[in-house]
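A.B. asks: Structural data only, the sequence is not supplied:
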């Protein structure tokens, strides 16, 4: 079961009575600490890829308390793929025709803009060619390598032609055969270091939903 922060106070006791574990969605570190300090065992929380705010506070707390981050948005609604490499910046509803594309394009704008995003795609493509895999696989593997990350959520839109073709590619990103080197991580971080401070701009994880 996964609860949003605005729902937890009314439903958490009910959730604890159910079998399994309690997971959270879009909680910030302060509320995660408050819940954990009450003796409630949390198994996971969520965040997205381009948005690396968890590294500021949340990762350290999760590692110390055995809480795993189950990450969504690892592919930014498909923006982190060869499909958008070298392409003009999408802006119309026809181009950003899903809620995910619109949401993650807005996050890219806050993060650093389309030009910097293209630099990131170029870096990912160079790494992908080195490992004979896709840009999406590299992006996913990078997230899996982050401290406290226990798994990633990769979306698949039912009813869309060819949606299932990415399953084997997604499995490749989890394969032990795909190991990013220190050089790979350095190339990615050389781009991400040029991005804006989203922690200062937006606040902690999920604060954009509470502003």
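C.D. replies: That came through, no problem. These figures come from a predicted structure and were not determined experimentally. Numbers count the residues shown, from 1 in each chain.
A.B. asks: which intervals of the chain have sub-threshold pLDDT?
C.D. replies: The chain contains residues with pLDDT under 70 at 1-21, 44-49, 156-165, 209-211.
A.B. asks: All the helices of it, in order from the start?
C.D. replies: 8-16, 29-37, 58-64, 99-111, 114-131, 135-144, 167-174, 182-192, 198-201 (DSSP state H).
A.B. asks: would TSV of those helices with distance to residue 88 and mean neighbour count be doable?
C.D. replies: C-beta coordinates here come from the backbone N, C-alpha and C atoms, glycine included. Shown next, in TSV, are the helices of the chain (distance: least, Cβ to Cβ, whole Å; neighbours: other Cβ atoms under 10 Å):
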stretch	distance to residue 88	mean neighbour count
helix 8-16	42	13
helix 29-37	37	16
helix 58-64	35	17
helix 99-111	13	17
helix 114-131	8	18
helix 135-144	18	24
helix 167-174	25	15
helix 182-192	20	14
helix 198-201	24	14
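A.B. asks: Quick one, which of the ones you listed gets closest to residue 78.
C.D. replies: Closest approach to residue 78 among those is made by helix 99-111 (7.1 Å; Cβ to Cβ).
A.B. asks: Can you name every helix or strand that that closest one contacts?
C.D. replies: helix 114-131, helix 198-201 (3 or more Cβ pairs under 8 Å, 6 or more residues apart in numbering; DSSP states H and E).
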